[in-house]
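A.B. asks: Whatever this is, show me its structure:
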Amino acid sequence: MHGIVVVAMTDAALAPPDAPTSASGTPCVLCFNANDPSGAGGLAADMTALVSASCHPLPVATAVWVGDTRQRHQLLPLEADWIDEQARAVLEDMPVHAVKVTLAAAADGVAAIGSILSDYDELPVVTYVPELAALDDGAREALLEAAAELLLPQTDVLVGNHHTLARWLLPDWEDERPPGPRDVARAAAAHGVAATLLTGVARGEQLDNLLATPEVVLASVPFERIDATFAGAGDTLAAALAGLLAQETELPVAASQALAYLDQALVHGFQPGMGHAIPQRLFWADEADDDEDASTSER
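C.D. replies: I've put the predicted structure just below:
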């Protein structure tokens, strides 16, 4: 097992992925996501995060985002048949070890994905729910309804921002206290989800990130607040988690390692355009180059 390219949330040098000894030693992860032309999220995020986890990504385009690092203006879904044909072609060609789904397609596209997952129900499935502000109310409601009915029952780990998931899964919450991680996990479990990974839970000067079931919190990794707004963090985390599950890493360990990887990607993040910062998902390559330069200079 290669594992994700991170040792901990420290300044320690990170090594690049070990080279696989054979093609069969590299797990394949099927990714359903939209194309984001800015490279902040979408399939670009999936592919680079999975490479960092020593996995081979199988990117299936579900839609196209129109936007840049400042804002996503529009989501253009692909035909459901196109999604189905892309995925089944690779599923029939090579072994797949995990699936990562981002909720970025129309309701009929979600139905196509759900049908595929039901045919391959032995695979671990990580589903990420992004902020869908670019969609109008009707499209967003139809998408979330289809996801609740057709996707969540086949999802092993649901990933998303605490506020986003709570607003979706607990719309009628009336308690004076905000819903906690186990409350959100309990609502997800009602749809068949085994565990929920929530990000951005406010804890004073830190943001906590927790893997929870209805009964217990399985992992907790706090982040120091960074003075920047990022695009693509959720896709990065969900893809890294799917890659680690494809490596047969136990879920609590996989969640902690994926969060540690995301933390380093954010710390090393950069701002290529005029909008939000982007996680540097290949930060380990820069670290490896620095180590090599230092080693050479010491000779």
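A.B. asks: what about the helices in the chain?
C.D. replies: Here the chain has its helices, by DSSP state H, at 42-52, 80-91, 107-119, 137-146, 162-169, 181-189, 233-246, 251-267, 283-297.
A.B. asks: so Ser52 makes contact with Ala240?
C.D. replies: Yes: at 6.9 Å, Ser52 counts as touching Ala240 under the criterion of Cβ atoms under 8 Å. All C-beta spots, glycine's among them, are computed from the backbone N, C-alpha and C.
A.B. asks: more crowded one of those two?
C.D. replies: Taking other Cβ atoms under 10 Å, Ser52 and Ala240 do not tie; Ala240 has more neighbours (33 against 27).
A.B. asks: Backbone torsions only: list them for Arg225.
C.D. replies: Here is the backbone geometry of Arg225 (degrees, to the nearest 10): phi -70, psi 140.
A.B. asks: neighbours of it, just the number please.
C.D. replies: By the criterion of other Cβ under 10 Å, Arg225 has 10 neighbours.
A.B. asks: same deal with His268?
C.D. replies: Neighbours around His268, by other Cβ under 10 Å: 16.
A.B. asks: Please apply the same query to Leu103.
C.D. replies: Leu103 has 25 neighbouring residues, counting by other Cβ under 10 Å.
A.B. asks: wait, what's in contact with it?
C.D. replies: Taking Cβ atoms under 8 Å, 6 or more residues apart in numbering, we find Leu103 in contact with Val110, Thr127, Tyr128, Val129, Pro130, Leu132, Leu143, Leu144, Ala147, Leu151.
A.B. asks: try it again with 7 Å
C.D. replies: Residues near Leu103 by Cβ atoms under 7 Å, 6 or more residues apart in numbering: Thr127, Tyr128, Val129, Pro130, Leu143, Ala147.
A.B. asks: Quick check: bridge partners of the closest residue to the third one other than its chain neighbours?
C.D. replies: Counting by Cβ to Cβ, 6 or more residues apart in numbering, the nearest residue to Val129 once its immediate chain neighbours are dropped is Gly160, at 4.1 Å. When bridges are assigned using DSSP bridges, the partners listed for Gly160 are Leu198.
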